[in-house]
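# Dropping a prediction and its sequence here:
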Amino acid sequence: MNCSSAYFDGKSSNRRAVTLTLGEDHLFIKGDGVDLTVPNSELRLSSPLGSGNRSIYLKSGAKCEFNDPAFARMLQKKLGKGGFFAFVHRWENSLKLSALALVLLCLAVWAFIRFGIPVLSEQIAYSIPVSAEIAMGEKAFAMLDKGYFSPSEVEKSEQEKITALFNGMLANMAEDQRNYRLVFRDSELFGANAFALPGGTVIITDDLLELVDHDAELLSVLAHEVGHIRGRHALRQVIQNSSSGILIAALTGDILSSSSLAAGIPTLLVSARYSRDMEREADAAAADYMRSQQIPLAHFADMLQKLQDSVEQKGRGDAPSALDYLSTHPATAERIARLNAGN
């Protein structure tokens with residue numbers, strides 16, 4: 001196959017008219033004082049751009065410019081790049097195919113955000129050592145305690161009783177390496193609420209304790225919080241909310257940037273919510289514990305209803321619940337129905 005071409009030697013701007021001939025393993029370039037035989041292995045063909053000229057680059061720095069699609073396709077095949085590059089070029093030159101490619105790209109991005117990021121965030125969160133998780137939780141607690149909480153007004157004797165209940169619950173669960181502790185705080189902003197921080201810290205507010213009529217109700221809340229901690233939900237949600245964090249961690253292996261992750265935890269707890277699946281996981285963990293101790297799940301359902309009623313009394317304008325006891329993800333009615341069905 002032959003093709004007319006313009007030859008540039010790479011040393012001057014002189015343009016020479018030549019004829020290109022494709023051999024089995026060589027390209028022959030002849031004309032206007034040029035007579036070259038170049039192995040195909042030493043050729044580089046430029047990518048197509050619309051209907052513009054294509055260029056063949058030689059190792060010597062010379063190049064040949066031509067505009068013959070059939071010759072270009074044949075040369076691509078000779079260079080072992082025919083199928084894929086021809087396919088891409090065909091899509092580039094078709095408005096319908098380009099539009100289809102855009103739609104497919106949008107679907108791929110959506111699928112990655114919907115399914116890929118949660119899977120990656122879970123893998124990254126579980127690869128963080130417990131020691132680093134504890135350090136992040138301590139930093140997050142310091143930030144929360146400084147900005148959102150005041151000392152608890154619950155009597156010390158009552159705090160000791162509840163702490164003993166908490167420690168007794170942990171004694172009946174599988175051991176792990178976290179430093180669990182229960183912290184009592186008051187908060188006008190959050191009202192009846194509780195928080196689970198990485199590393200084992202559970203914060204419970206005075207307003208929540210005022211709703212409790214039975215130890216089993218309080219145990220359901222505490223077991224739910226431990227479920228969040230052991231599921232590493234705070235870490236997973238913070239990482240999931242930051243695609244850049246996922247990419248950096250995945251590409252560099254820098255999963256121990258505790259300062260940046262710890263800084264994101266208060267924001268998650270204050271203004272965001274756990275995902276629907278994470279709430280269900282924590283509910284399931286609490287329900288499993290209660291069944292193991294022969295505690296009726298009705299106590300958990302009753303506590304959820306009390307918390308929901310508390311929110312409705314205060315109005316929807318108040319600060320969001322970090323635990324989603326109080327509104328959605330999933331809806332309280334759905335969660336109560338699930339507990340009653342499993343009772």
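Noted; the coordinates are in hand.
# What's the local residue count around S5?
Neighbourhood size, S5 [other CB atoms under 10 Å]: 23. To be clear about C-beta, it is placed using only N, CA and C from the backbone, and glycine gets the same treatment.
# let me fix that: N193
N193: 25 surrounding residues under other CB under 10 Å.
# ok, for it, nearest residue in space, not its chain neighbours?
Nearest non-adjacent residue to N193, counting by CB to CB, 6 or more residues apart in numbering: T205, 5.0 Å away.
# give me the beta-bridge partners of that neighbour?
On the basis of DSSP bridges, T205 is bridged to R185.
# Could you double-check that it sits in contact with E188?
No: with contact defined as CB atoms under 8 Å, T205 does not reach E188; the gap is 9.7 Å.
# so who does F66 touch?
C3, S4, S5, A6, L20, N53, R54, I56, A72 (CB atoms under 8 Å, 6 or more residues apart in numbering).
# For L45, see how far away it is.
For F66, the distance to L45 (CB to CB, to the nearest Å) stands at 10 Å.
# Overlap of the contact sets of the two?
R54, I56, A72.
# ok, and the most crowded of those?
Busiest of the shared contacts of F66 and L45 [other CB under 10 Å] is I56, holding 24 neighbours.
# So which other helices or strands are in contact with the helix or strand containing A140?
Taking DSSP states H and E as the criterion, the element that holds A140 is helix 130-147. Helices and strands touching helix 130-147, by 3 or more CB pairs under 8 Å, 6 or more residues apart in numbering; DSSP states H and E, are strand 201-205, helix 233-240, helix 258-271.
# Tell me where the model's unsure across the chain.
In the predicted model, the chain carries pLDDT under 70 at residues 50, 81-94, 242-273, 314-330, 343.
# Please parse it into its domains.
What automatic domain parsing lists as the domains of the chain is 2-85, 115-342.
# of those domains, which approaches A101 most closely?
The closest of these to A101 is domain 2-85. By CB to CB, the value is 14.4 Å.
# now that closest one, how far from the centre of its chain.
46 Å (CA atoms, centre = their mean, to the nearest Å).
# returning to that earlier point: between the shared contacts of F66 and L45, which is nearest T37?
Top of the list for closeness to T37, among the shared contacts of F66 and L45 and by CB to CB, is I56 at 13.7 Å.
# Identify the bridge partners of the nearest residue to the closest one once chain neighbours are set aside.
Using CB to CB, 6+ apart and skipping the chain neighbours, the partner closest in space to I56 is C64 (4.5 Å). Beta-bridge partners recorded for C64 (DSSP bridges): Y7, I56.
# Who are the contact partners of C64?
Counting by CB under 8 Å, 6+ apart, C64 has contacts S5, A6, Y7, F8, V18, L20, I29, S55, I56, L58.
# With A17 as the reference, measure out to the second one.
By that I understand A6. A6 is 7 Å from A17, by CB to CB.
# Show me which of these two is the more surrounded one.
It is A6, of A6 and A17, that has more neighbours when counted by other CB under 10 Å, with 16 against 11.
# Surely that one touches R15?
Yes: between A6 and R15 there is a contact under CB under 8 Å: 5.1 Å.
# re the thing from before, the domains of the chain into TSV, with extra columns for distance to A108?
Below are these laid out as TSV (distance: least, CB to CB, whole Å):
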stretch	distance to A108
domain 2-85	18
domain 115-342	9
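# okay, those domains, which one's buried deepest?
domain 115-342 (a mean of 18; mean count of other CB atoms under 10 Å).
# starting at the chain centroid, how far to that one?
20 Å.
# For that domain, measure first residue to last.
End-to-end distance of domain 115-342: 28 Å, with CA to CA, to the nearest Å as the criterion.
# isn't A216 right next to L297, touching?
No: counting by CB under 8 Å, A216 stays clear of L297, with 9.6 Å between them.
# shared neighbours, the two?
Shared contacts of A216 and L297, defined by CB under 8 Å, 6+ apart, are found at M290.
# how about the CA coordinates for stretch 64-72, as PDB?
C-alpha atoms of stretch 64-72 as PDB (Å, rounded to 0.1, in the frame of the first residue of the first chain):
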ATOM      1  CA  CYS A  64       6.200  12.100   7.700                       C
ATOM      2  CA  GLU A  65       2.900  13.800   7.500                       C
ATOM      3  CA  PHE A  66       0.000  12.300   5.500                       C
ATOM      4  CA  ASN A  67      -3.800  12.200   5.300                       C
ATOM      5  CA  ASP A  68      -4.900   8.800   4.200                       C
ATOM      6  CA  PRO A  69      -7.200   7.000   6.700                       C
ATOM      7  CA  ALA A  70      -6.800   3.600   5.000                       C
ATOM      8  CA  PHE A  71      -3.000   3.800   5.100                       C
ATOM      9  CA  ALA A  72      -3.200   4.900   8.700                       C
END
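# one step back: ok, the following helix or strand past the helix holding A140: who's next to it in the sheet?
For helix 130-147, the following helix or strand on the C-terminal side (DSSP H and E) is strand 150-151. Using DSSP bridges, the strands paired with strand 150-151 are strand 181-186 (antiparallel).
# Now do the strand it pairs with against strand 201-205: the angle between them, please.
Strand 181-186 and strand 201-205 meet at an angle of 30 degrees, taking axes from the mean of the first three to the mean of the last three CA atoms, to 10 degrees as the criterion.
# now what about strand 181-186, what contacts it?
141, 145, 149-154, 159, 162-163, 166, 200-207, 209, 222.
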